[in-house]
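Structure for the following, please:
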Amino acid sequence: METAAVASSGAGRRIMVAVDEGEESLHALNWCLANVVSPAGGDTLVLVHARRPRPVYAAMDSAGYMMTSDLLASVERHANAVSAAVVDEAKRVCADHPHVKVETMVESGDPRDVICDAAAKMAADLLVMGSHGYGFIQRAFLGSVSNHCAQNCKCPVLIVKRPKE
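Reported below is the predicted structural model:
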């Protein structure tokens, strides 16, 4: 009811889509554009990418290799390039839908926390994210970002699974 009232008032909805390097997030984005976003316009899509924090390295690792500032800067440049590529690809997908306003947000940190915090900060009406489809063992060791967000975000969370091929 509340969503319909927001949409009919002309304000539109703020729909956040979590994007990463995986095909699952692009599938979720495409699915959201086809099935959730209003074709009449007015909705704002917020693309959020959680960049993993830079690991902390000792000056010398266990194999005796020195971690120079050039090497660390190279790692940082690579992380920035990956984030830019992820966001650019998502914006390219959205470009086919000119009726949708697109905003982007890249934050550094644990994806579970970044996505939940971003959804609260941006007052998202809905969070859409893909599912990597991990099995029980992988979820136990790696954790499930989508499960964490479904349990902890204040807004509704839509988890889009890829169809089995």
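
hey, let's count contacts and neighbours off CA atoms from now on
OK.

could you list every residue that touches the residue nearest the centre of the chain?
By Cα atoms, centre = their mean, the chain has its centre lying nearest to residue 18, at 1.9 Å. Residue 18 makes contact with 25, 47, 48, 49, 115, 127, 128, 129, 130 under the criterion Cα atoms under 8 Å, 6 or more residues apart in numbering.

and which of those is nearest to residue 158?
Using Cα to Cα, residue 128 comes nearest to residue 158 of the contacts of residue 18, at 4.8 Å.

can you pull the buried residues of the longest helix belonging to the chain?
Selection of the longest helix in the chain by residue count, based on DSSP state H, yields helix 69-94. Across helix 69-94, burial judged by 16 or more other Cα atoms under 10 Å covers 79, 83, 86, 87, 90, 94.

go on, stretch 123-136?
124, 125, 126, 127, 128, 129, 130, 131, 132.

the helices in this structure, which residues?
2-8, 23-35, 69-94, 111-121, 136-142, 145-152.

Looking at those helices, which is nearest to residue 102?
Of those, nearest to residue 102 by Cα to Cα is helix 69-94, at 7.4 Å.

Now do the closest one and helix 23-35, the angle between them.
30 degrees (axes from the mean of the first three to the mean of the last three Cα atoms, to 10 degrees).

Who are the packing partners of helix 69-94?
helix 23-35, strand 44-51, strand 101-108 (3 or more Cα pairs under 8 Å, 6 or more residues apart in numbering; DSSP states H and E).

Can I get these in CSV including distance to residue 152 and mean neighbour count?
Output for those, formatted as CSV (distance: least, Cα to Cα, whole Å; neighbours: other Cα atoms under 10 Å):
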stretch, distance to residue 152, mean neighbour count
helix 23-35, 19, 18
strand 44-51, 16, 22
strand 101-108, 18, 16
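
closest one to residue 14 among those?
Comparing the helices and strands packed on helix 69-94 under Cα to Cα, the one sitting nearest is strand 44-51, at 4.9 Å.

Pull up the pairing partners for the closest one, direction included.
Paired neighbours of strand 44-51 in the sheet (DSSP bridges): strand 14-18 (parallel), strand 101-108 (parallel).

for those strands, which one sits closest to residue 154?
Ranking the strands paired with strand 44-51 by proximity to residue 154 (Cα to Cα) places strand 14-18 first, at 12.6 Å.
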